[in-house]
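In: based on what follows, work out the 3D shape:
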Amino acid sequence: MRNCPFYGTGTALVTPFTKSGEIDFPALGKLIDFQLEGGVEFLVACGSTGESATMTEEEDRSVISFAIERVRHSGKMTAQGKAVKVVAGTGSNNTREAVRYTKFAQELGADGALVVTPYYNKPTAAGLMAHYGAICEAAPDFPVILYNVPGRTGSNVPAETQLAIAEAFPNIVATKEASGNLDQMMEIIANAPEGFVLLSGDDSLTLPAVAAGAQGVISVFSNYAPRGFSDLVRAALAGDFVTARALQYKYLELMKLNFVESNPMPVKAVLTMMGIIEENLHLPLVPMKPENKEKLRVALNKAELMR
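Out: Presented below is the predicted three-dimensional model:
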């Protein structure tokens, strides 16, 4: 397979909830429309930012289906004249569950799967190879993005292991690298098998990652700044680093404030300020502290992003 179909800016969508904890589909529709108008190249539904860890399988299915239908019905195209794609988060630390989720994402019509490395149980390199092998064998013609995020999983997957997994399974088309380690990212880029790409998993490191050869980003920040951030990424990919650098420093404070409390608490607070969603989360996540919301509000006004 290879020839990764994912490039540019992919928004890791939050999942809006009602006060009673149900999926808020009208708000989700508003958020998706905001992304499409903002010019992002793809969307990721039910990832970490989407609070998939506290959602049921039925809720995952409904959100993924809704996102696919909303995007397809919109008819929106990317700046490159291609259809906007939808990636489904299907990872689990239970391999059988990850296989089942990946298969239903493909059946629902998603364009690919984002599969986080197993958390909590900390598998060895051999275990990771077997885990991704089971997923890829169950859906051999379905693009899979490996997702390395040691801050959430508790263990880093070194470049050597990521590259070995990519070599073994041609439908693993990319890695979302959120280790925060540029050296590791560059090692992956420099030694990647043909058609395998790196997508930044850290908004603030996207510019240097693209300069080093990354093909794009899966972003938290673009939830509320789809136009500004996708402009930054497109400029960097085109080699216009003067424009990209100016946007980087315009938005850098906000990129960092998105993690002043646990993601997606800050981004949901911002989207609430913008009137797109209500600030409802699934426990154990709770709304942000008022003093941190004020920091966000000040930074939003400074960056001219308040609607």
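In: neighbouring contacts of the helix or strand hosting Tyr147?
Out: Assigned by DSSP states H and E, Tyr147 belongs to strand 144-148. Here strand 144-148 makes contact (Cβ atoms under 8 Å, 6 or more residues apart in numbering) with 6, 47, 87, 91, 102, 112-117, 132, 135-136, 156-157, 162, 165-166, 169, 171-179, 199, 201, 218. C-betas here are computed from N, CA, C, even on glycine.
In: so how far is it off the chain centroid?
Out: Relative to the mean C-alpha coordinate of its chain, strand 144-148 is positioned 10 Å out (Cα atoms, centre = their mean, to the nearest Å).
In: quick one: strands adjacent to that strand?
Out: Within its sheet, strand 144-148 is paired with strand 112-116 (parallel), strand 172-177 (parallel), according to DSSP bridges.
In: mind giving me a markdown table with these and columns for mean pLDDT, distance to Pro26 and mean neighbour count?
Out: Shown next, in a markdown table, are those (pLDDT from 0 to 100; distance: least, Cβ to Cβ, whole Å; neighbours: other Cβ atoms under 10 Å):
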| stretch | mean pLDDT | distance to Pro26 | mean neighbour count |
| --- | --- | --- | --- |
| strand 112-116 | 98 | 25 | 27 |
| strand 172-177 | 98 | 29 | 27 |
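In: which one, of those, ends up nearest to Glu194?
Out: strand 172-177 (11.1 Å; Cβ to Cβ).
In: could you identify the helix or strand that succeeds that closest one?
Out: helix 182-191.
In: elements contacting the helix or strand where Glu167 lies?
Out: Assigned by DSSP H and E, Glu167 belongs to helix 159-168. Other helices and strands packing on helix 159-168, by 3 or more Cβ pairs under 8 Å, 6 or more residues apart in numbering; DSSP states H and E, are helix 125-138, strand 144-148, strand 172-177, helix 182-191.
In: quick one on the thing from earlier: what is the mean pLDDT for whatever helix or strand comes next after the strand holding Tyr147?
Out: Sequence order places helix 150-153 as the next helix or strand after strand 144-148, per DSSP H and E. Mean pLDDT, helix 150-153: 91.
In: for helix 150-153, list the C-alpha coordinates in CSV.
Out: In CSV, the C-alpha atoms belonging to helix 150-153 read as follows (Å, rounded to 0.1, in the frame of the first residue of the first chain):
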residue,chain,number,x,y,z
PRO,A,150,4.8,8.4,25.7
GLY,A,151,3.3,11.1,27.9
ARG,A,152,0.0,9.1,27.8
THR,A,153,1.1,5.5,27.3
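In: in that helix, what's buried?
Out: By neighbour count with 16 or more other Cβ atoms under 10 Å, helix 150-153 contains the buried residues Thr153.
In: can you list contacts of the helix-or-strand element of the chain with minimal mean pLDDT?
Out: Within the chain, no helix or strand scores below helix 150-153, which has a mean of 91 by mean pLDDT, DSSP states H and E. Residues outside helix 150-153 that contact it (Cβ under 8 Å, 6+ apart): Ser48, Val116, Thr117, Pro118, Tyr119, Tyr120, Lys122, Asn156, Val157, Ala178, Ser179, Gly180.
In: ok, back up a step: can you list contacts of the helix holding Glu167?
Out: Contacts for helix 159-168 (Cβ under 8 Å, 6+ apart): 125, 128-129, 132-133, 146, 148, 172, 175, 184, 187-188, 191-193, 196.
In: quick check: Val44 is in a strand.
Out: Yes - under DSSP: H, G, I helix; E, B strand; the rest coil, Val44 sits within a strand.
In: and it, what does it touch?
Out: Contacts of Val44 by Cβ under 8 Å, 6+ apart are Gly10, Thr11, Ala12, Leu13, Gly50, Val86, Val87, Ala88, Gly89, Leu114, Ile218.
In: check those and tell me the two furthest apart.
Out: Taking Cβ to Cβ, no two of those sit farther apart than Thr11 and Ala88, at 13.6 Å.
In: just the buried residues of the contacts of helix 159-168.
Out: Counted by 16+ other Cβ under 10 Å, the contacts of helix 159-168 give Leu128, Met129, Tyr132, Leu146, Asn148, Ile172, Thr175, Gln184, Glu187, Ile188, Ala192, Phe196 as buried.
In: which non-adjacent residue is nearest the last one?
Out: Across the structure, with Cβ to Cβ, 6 or more residues apart in numbering as the measure, the residue nearest Phe196 apart from its sequence neighbours is Ala166 (4.7 Å).
In: re earlier: would CSV of the strands paired with strand 144-148 with distance to Glu253 be doable?
Out: As requested, the strands paired with strand 144-148 are exported to CSV (distance: least, Cβ to Cβ, whole Å):
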stretch, distance to Glu253
strand 112-116, 27
strand 172-177, 23
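In: and those: which comes nearest Phe42?
Out: strand 112-116 (8.5 Å).
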